[in-house]
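Undergrad: missing the sequence, but the structure's below:
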């Protein structure tokens, strides 16, 4: 039986208890995020044995977060009209538990995989750059290019309001030609580091070095702030992998496989 989450604090205490028991999970939210999402009625749950599934409602799909006792395998999921997305962050050199086969037995299929890469600031070859930050008048063009460039289920796309806030806080770099948008790079600051969240180039501008230029701009802008630069890249995006390799980015051992259940 699927139930709505109505008490955020009790839910957070349950999460802490499950974590202390060592249950296998892909759950990553902080206490503050949990309380807000429950208040917004975003979470529902499905319990079985001593384990549980928690579903986070997005606009067109559900995200699945699981807590499984070590001896338990995934159970068949309840039916939803929208797709269900299962995403994890794993260490590449450790066995995946539950395995991909375990999830496929309950109706999931492999969707895509990303890996995280990094470069130390001290290893970046810096050069003077003329930086162009996005302005508010480019919001619609950037948001539309973002929607066109990224798949909808696991790209963590910001809302238009959140994107505008990042534009106003100078976290979006752009490449322009005659005041027309060629591409953008969206980044965020993290503890002792800087994370590239999204980068996209218009189809007619690809192959012209726009993406490489935006990465150089990002490294330059954050060079005195970040000790490390991070990014996630799809493992099947060969052109992006070649570009990041050229800059000296290295895998840090973290993988993020994504699976999908559509029926």
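TA: Everything's here; your move. Being a predicted model, the structure only gives us computed values, none of them experimental. Residues are numbered from 1 along each chain as shown.
Undergrad: neighbours of residue 5, how many?
TA: 20 (other CB atoms under 10 Å). Where you see a C-beta, it was placed from the backbone N, CA and C, and this is true even at glycine.
Undergrad: OK, contacts around the spatially closest residue to it that is not a sequence neighbour?
TA: Among residues not flanking residue 5 along the chain, residue 43 sits closest, at 3.9 Å (CB to CB, 6 or more residues apart in numbering). Neighbouring residues of residue 43 by CB atoms under 8 Å, 6 or more residues apart in numbering: 4-5, 11, 37, 54-57.
Undergrad: name the residues that touch stretch 221-238?
TA: 112-121, 124, 126, 129, 131, 173, 187, 189-190, 192-196, 218-219, 240-241, 244, 249, 252, 255-256.
Undergrad: mind giving me the PyMOL select for those residues, buried ones only?
TA: In PyMOL, this line selects whichever of those come out buried by 16 or more other CB atoms under 10 Å:
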select buried, resi 112+114+115+116+117+118+119+121+124+173+187+193+194+195+196+218+219+240+241+244+249+255+256
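Undergrad: for whichever helix or strand residue 144 is part of, packing partners?
TA: For residue 144, the element it lies in under DSSP states H and E is helix 139-149. Applying 3 or more CB pairs under 8 Å, 6 or more residues apart in numbering; DSSP states H and E, we find helix 139-149 packed against helix 160-168, strand 180-190, strand 193-201.
Undergrad: can you give me the buried ones in the first one?
TA: Neighbour counts using 16+ other CB under 10 Å place 163-164, 166-167 of helix 160-168 among the buried residues.
Undergrad: next SSE downstream of it?
TA: Immediately after helix 160-168, counting by DSSP H and E, sits strand 172-177.
Undergrad: repeat for the last one
TA: Downstream of strand 193-201, the first helix or strand assigned by DSSP H and E is helix 210-221.
Undergrad: if you average the pLDDT over that following helix, what comes out?
TA: Helix 210-221 shows a mean pLDDT of 97.
Undergrad: the following helix or strand past that helix pairs with which strands, and in what direction?
TA: Moving toward the C-terminus from helix 210-221, the next helix or strand (DSSP H and E) is strand 228-234. Next to strand 228-234 in the sheet, as set by DSSP bridges, lie strand 109-120 (antiparallel), strand 193-201 (parallel).
Undergrad: how about these in CSV, adding mean pLDDT?
TA: Putting these into CSV (pLDDT from 0 to 100) gives the following:
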stretch, mean pLDDT
strand 109-120, 97
strand 193-201, 97
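Undergrad: can you tell me which of these is nearest to residue 158?
TA: For those, proximity to residue 158 was assessed by CB to CB; strand 193-201 is nearest, at 8.0 Å.
Undergrad: how far is the closest one from where the chain is centred?
TA: 11 Å (CA atoms, centre = their mean, to the nearest Å).
Undergrad: returning to what we had before: can you name the residues bridging to the residue nearest to residue 5?
TA: Beta-bridge partners recorded for residue 43 (DSSP bridges): residue 56.
Undergrad: show me this protein divided up by domain.
TA: 2-112, 120-255 (automatic domain parsing).
Undergrad: following the helix or strand bottoming out on mean pLDDT in the chain, which helix or strand shows up next?
TA: Within the chain, no helix or strand scores below strand 2-4, which has a mean of 82 by mean pLDDT, DSSP states H and E. Where DSSP H and E defines the elements, the next helix or strand beyond strand 2-4 is helix 8-20.
Undergrad: ok so, going back, redo the domains of the chain as CSV? Include distance to residue 262.
TA: Listed next are the domains of the chain as CSV, based on distance: least, CB to CB, whole Å:
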stretch, distance to residue 262
domain 2-112, 5
domain 120-255, 10
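Undergrad: no further queries at this time; thank you.
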